[in-house]
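J.: let me see the structure of the following:
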Amino acid sequence: MKFSELVRLLESHGFKLVKEKGSIRYYGKPNHDRLIRVDYHGAKEVPTGTCNAILKAAGIKKG
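T.: Predicted coordinates:
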């Protein structure tokens, strides 16, 4: 999965960009108590473990 696809997936589940510092973006949504950190690198592939950790923290089932 590419970073841009991961961001699109987060946004489709209600997450919005809360803050950005350099290439690090933080996404949040109402009724979700923690921010999701994404080190954004555009068209590059997200490492599998990183992708799974982000999706797990966001409460999104991959499938």
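
J.: hey, let's count contacts and neighbours off CA atoms from now on
T.: Will do.

J.: mind listing the strands for this protein?
T.: Along the chain, counting by DSSP state E, strands occupy 16-21, 24-28, 36-39.

J.: looking at those, which is closest to residue 61?
T.: With CA to CA as the criterion, residue 61 lies closest to strand 36-39 of the strands of the chain, at 15.0 Å.

J.: partners of the closest one, with directions?
T.: strand 24-28 (antiparallel) (DSSP bridges).

J.: show me the contact partners of the strand it pairs with.
T.: Here strand 24-28 makes contact (CA atoms under 8 Å, 6 or more residues apart in numbering) with 15-20, 34-40.

J.: spatially, which two of these are the most separated?
T.: Taking CA to CA as the measure, the contacts of strand 24-28 span a maximum distance of 18.1 Å, between 34 and 40.

J.: can you list the strands of the chain in JSON lines and add mean pLDDT, mean neighbour count and distance to residue 57?
T.: Shown next, in JSON lines, are the strands of the chain (pLDDT from 0 to 100; neighbours: other CA atoms under 10 Å; distance: least, CA to CA, whole Å):
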{"stretch": "strand 16-21", "mean pLDDT": "96", "mean neighbour count": "13", "distance to residue 57": "15"}
{"stretch": "strand 24-28", "mean pLDDT": "96", "mean neighbour count": "17", "distance to residue 57": "11"}
{"stretch": "strand 36-39", "mean pLDDT": "93", "mean neighbour count": "18", "distance to residue 57": "7"}
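
J.: export those strands as a markdown table, with columns for distance to residue 58.
T.: Supplementary listing: the strands of the chain in a markdown table, determined by distance: least, CA to CA, whole Å:
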| stretch | distance to residue 58 |
| --- | --- |
| strand 16-21 | 12 |
| strand 24-28 | 9 |
| strand 36-39 | 7 |
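
J.: and residue 60, which of those is closest to it?
T.: It's strand 36-39; of the strands of the chain, that one is closest to residue 60 (CA to CA) at 11.7 Å.
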